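Trainee: A structural model of the following input is requested.
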Amino acid sequence: FFSALTTMVRHGKSKKRRAGRYGKTKLKNKNFKRWDPNPNIRDPVVKSLWDATKTPKENLANMGFTADSNDSTDPSSSSVIAQKQQQQQVIELFHVPESDNLKEKRPPLSEHEQEYIVKCMKKYGDNYGKMFRDIRINDLQWTESKLQKTGSRFLLLEPGQRLVQVPNKVEDLIATITNSQ
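Mentor: The predicted model follows:
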């Protein structure tokens, strides 16, 4: 009876062996290639000079380049690409006039921002601290600095840039700003 147990497979041992392992076993990437012997080269000059039987380092050396950027290069050595570039004609560049279709600049403040800051300034003028603390008027809960920045931008807008009707109290603020400049 006991001899039959020793020949049977013990499934628990292999499970115990794997129990303490961290992570998964890594599979080798069988599709990895060190370098492509026939790279997809679009430049016709480089394509004509590329030799698939040579290593990339040798091909680059034939063209006057180095595969290692830390290697020192001798600028006096003549490369094949430099010779071919000298044979090509020089293309002269000319002044291209600017297009007539210039995009219109957007206003410094949107219509929604202008309505909001006018509503706040109508009650408190240029007291941005009180504006900040009034959560009924400042329902977007803009900070004091954001209210101040938006308010000063609104006061500096030209009449053509204002998209909302300006109340009398705010017009007085605009008048004091324009008179001080």
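Trainee: quick one: contacts for residue 145?
Mentor: Not one residue lies near residue 145 by CB atoms under 8 Å, 6 or more residues apart in numbering. To be clear about C-beta, it is placed using only N, CA and C from the backbone, and glycine gets the same treatment.
Trainee: Which pLDDT value belongs to it?
Mentor: Reading off the confidence values, residue 145 has pLDDT 94.
Trainee: Please could you give me each C-alpha atom of the helix or strand encompassing it, formatted as CSV?
Mentor: Per DSSP states H and E: residue 145 is located in helix 144-155. The C-alpha trace of helix 144-155 is given here as CSV (Å, rounded to 0.1, in the frame of the first residue of the first chain):
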residue,chain,number,x,y,z
GLU,A,144,-9.8,88.4,-5.0
SER,A,145,-6.8,88.5,-7.3
LYS,A,146,-8.8,87.1,-10.2
LEU,A,147,-11.6,89.7,-9.6
GLN,A,148,-8.9,92.4,-9.5
LYS,A,149,-7.2,91.3,-12.7
THR,A,150,-10.5,90.9,-14.6
GLY,A,151,-11.8,94.3,-13.2
SER,A,152,-8.6,96.1,-14.3
ARG,A,153,-8.8,94.5,-17.7
PHE,A,154,-12.4,95.5,-18.1
LEU,A,155,-11.7,99.1,-17.1
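Trainee: who touches stretch 127-135?
Mentor: Stretch 127-135 is touched from outside by 120-121, 123-124, 137-138, 141-144, 147-148, 151, with contacts defined as CB under 8 Å, 6+ apart.
Trainee: Those residues: which two are farthest apart?
Mentor: For the contacts of stretch 127-135, the farthest-apart pair by CB to CB is 123 and 143; their separation is 17.8 Å.
Trainee: The two: which is more packed in?
Mentor: residue 123 (15 against 11; other CB atoms under 10 Å).
Trainee: Contact partners for that one?
Mentor: Shown in contact with residue 123 (CB under 8 Å, 6+ apart): 131, 134, 137.
Trainee: What number of residues are in the vicinity of the first one?
Mentor: Think residue 131. Residue 131 is flanked by 22 other residues according to other CB under 10 Å.
Trainee: what mean pLDDT would you report for the strand or helix carrying it?
Mentor: Using DSSP H and E, residue 131 falls within helix 128-133. Across helix 128-133, pLDDT averages out at 94.
Trainee: Can you mark which positions in it are buried?
Mentor: For helix 128-133, the neighbour count (16 or more other CB atoms under 10 Å) marks 128, 131-132 as buried.
Trainee: closest to residue 155 among those?
Mentor: Minimum separation from residue 155 among these (CB to CB) is found for residue 128, which lies at 11.9 Å.
Trainee: shaky segments in the protein?
Mentor: 1-38, 71-104 (pLDDT under 70).
Trainee: For it, which segments count as helices?
Mentor: Along the chain, counting by DSSP state H, helices occupy 2-7, 11-19, 44-49, 56-63, 80-87, 111-124, 128-133, 144-155, 168-180.
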